[in-house]
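**Student:** let me see the structure of the following:
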Amino acid sequence: MTAGVLGLLDGRPLPRTALDQRLAALRSGPRACALPRPGSSEDRQLTRWVAQVLLTEALCEAVAAERGLAVTGSGPAHLDQQAAVELGSVTAAAYEGSAAVRAVYEDVTADVEPSASDVAHYRASTTRAPTVVWQLVLPGGEFEADPGTLPTALAEALGAASPGEWVTAGPWKAALLSSRTTTDDPDPVPGLTEAARRAAFVRWLDRTRAERLTLVQGLEHPGDPAQPDNHHRH
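**Tutor:** This next block holds a predicted model:
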């Protein structure tokens, strides 16, 4: 194998050209000052990280073609911090930058749903006590408030008065129009579904990378012969 090889996909060599181009774009981009010094150990780690991102993109491009998936030419996506952490830095970067990765993600995880036990556990661990909200009217207008946030004397007077009855407590004058109880417990299923989909995609990628991809050694030194790294697959 020559030094111009990035890795193997199903035993087929992938050229290093894309890696050199991606690194050059990073080093000439707006965040170049934050990148490690060329030739340093951190720089070699960056090179391998970028190579893993590119191999993930290449793998998903192949899978998308095999499955006949529609890969649109839309711009980069943006993951929130939780999603990026759950996917891992390599997969998150590939997801954000490659429409093929996003298409494969949608296909692989289309039928994933959180289990009933996951939903029950989430509800048990996040359920909060109901909150009382008062609809009040003051000389200046109406507003809603948690009675616990009102001056104690005013809250006690309003609680003892009839609905709509004006009360005065010190400098405050108000009337309690109505009271309602809320439970601030949003439906957990959408968020849990996305988390389950991300976990399923990571598992699928781990298996598929191990089966179809090989990252080569010598990536940090283009002049050195690159050898297959059979013990470090991504």
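**Student:** pull the distance from the longest helix seen in the chain to the chain's centre.
**Tutor:** Determined from DSSP state H, the single longest helix within the chain is helix 41-67. Centroid separation for helix 41-67 versus its chain: 19 Å, with Cα atoms, centre = their mean, to the nearest Å.
**Student:** i'd like the first residue to be 39 from this point on
**Tutor:** All set: I'll call the first residue 39, so the last point we hit is now helix 79-105.
**Student:** which strands and helices sit next to that helix?
**Tutor:** Secondary-structure packing of helix 79-105 (3 or more Cβ pairs under 8 Å, 6 or more residues apart in numbering; DSSP states H and E): strand 43-47, strand 50-53, helix 55-65, helix 127-135, helix 137-146, helix 227-250, strand 251-253. Every residue, glycine included, has its C-beta placed from N, CA and C.
**Student:** wait, which of the ones you listed is closest to Leu107?
**Tutor:** Nearest to Leu107, of all those, is helix 137-146, at 4.5 Å by Cβ to Cβ.
**Student:** got the angle for that closest one vs helix 227-250?
**Tutor:** Helix 137-146 runs at 110 degrees relative to helix 227-250, counting by axes from the mean of the first three to the mean of the last three Cα atoms, to 10 degrees.
**Student:** alpha carbons of helix 137-146, as PDB, please.
**Tutor:** Output in PDB follows, covering the C-alpha atoms of helix 137-146 (Å, rounded to 0.1, in the frame of the first residue of the first chain):
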ATOM      1  CA  ALA A 137     -25.800  14.700   3.600                       C
ATOM      2  CA  ALA A 138     -25.000  11.000   3.000                       C
ATOM      3  CA  VAL A 139     -24.400  10.400   6.700                       C
ATOM      4  CA  ARG A 140     -27.700  12.100   7.600                       C
ATOM      5  CA  ALA A 141     -29.600  10.100   4.900                       C
ATOM      6  CA  VAL A 142     -28.200   6.800   6.300                       C
ATOM      7  CA  TYR A 143     -29.000   8.000   9.800                       C
ATOM      8  CA  GLU A 144     -32.600   8.500   8.900                       C
ATOM      9  CA  ASP A 145     -32.800   5.200   7.100                       C
ATOM     10  CA  VAL A 146     -31.100   3.100   9.800                       C
END
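**Student:** what are the contacting residues of that helix?
**Tutor:** Outside helix 137-146, the residues within contact range by Cβ atoms under 8 Å, 6 or more residues apart in numbering are 94-95, 98-99, 101-102, 105, 107-112, 115, 129, 132-133, 235, 238-239, 242.
**Student:** what mean pLDDT does the longest helix of the chain get?
**Tutor:** Mean pLDDT, helix 79-105: 94.
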